[in-house]
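**Student:** Based on what follows, work out the 3D shape:
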Amino acid sequence: MPFLFSLLVIALMIGALIDIITRDDSQVKHLPKMVWIIIVILLPLIGSALWFALGREYGEGGVPLPRMRRAERPATPTTTVARPAPPVDVRSTEQQIADLDREIEEWRLREEIEKRRRERGDDALPSS
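**Tutor:** Numbers count the residues shown, from 1 in each chain. Alright, predicted model coming up:
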């Protein structure tokens, strides 16, 4: 019995090797052909089973299994609209904080001017 099992494993390995070698590279999935050959030689039973289960690309005549197809690249490059890059601020952090402080101070002064104008009852715009 062990002799028969060994013969079956060797026959399966030889069949898998012949199948791998005769296949085109486009018909081999997940790994390159050379890696599949090494796997089948090093692990004859498991490698052959994996080859027939995962690595072999079956024709459309068999049972249809849902698979994700590889996206083919277009022959001609498509023109895409590139978004303009956001403006790059070259100021240091300290300069940015100083600008914000000046802006905050400006708004505080404007509010103070408005408050004083309302207190005086002067709603007219200042003359320039």
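
**Student:** immediately after the strand or helix carrying I41, which helix or strand?
**Tutor:** Applying DSSP states H and E as the criterion places I41 in helix 33-42. Past helix 33-42, further along toward the C-terminus, the next helix or strand under DSSP H and E is helix 44-50.

**Student:** And that following helix, what's buried?
**Tutor:** P44, G47, S48, L50 (16 or more other C-beta atoms under 10 Å). Bear in mind the C-beta positions are built from the backbone N, C-alpha and C, glycine included.

**Student:** for the second one, what are its contacts?
**Tutor:** What that stands for is G47. Residues in contact with G47 (C-beta atoms under 8 Å, 6 or more residues apart in numbering) are M13, A16, W36, I39, V40, I41.

**Student:** Repeat the analysis, applying 6 Å as the threshold.
**Tutor:** Neighbouring residues of G47 by C-beta atoms under 6 Å, 6 or more residues apart in numbering: I39, V40.

**Student:** what are the phi and psi angles of V28?
**Tutor:** When quoted as degrees, to the nearest 10, the phi and psi of V28 stand at phi -110, psi 130.

**Student:** State the distance from it to R69.
**Tutor:** 15 Å (C-beta to C-beta, to the nearest Å).

**Student:** now V9
**Tutor:** Counting by C-beta to C-beta, the gap from V9 to R69 is 34 Å.

**Student:** So which of those two has more stuff around it?
**Tutor:** V9 (13 against 5; other C-beta atoms under 10 Å).

**Student:** sorry, back to before: show the average pLDDT along the helix holding I41.
**Tutor:** Helix 33-42 shows a mean pLDDT of 87.

**Student:** I'm done for today, thanks for sticking with me.
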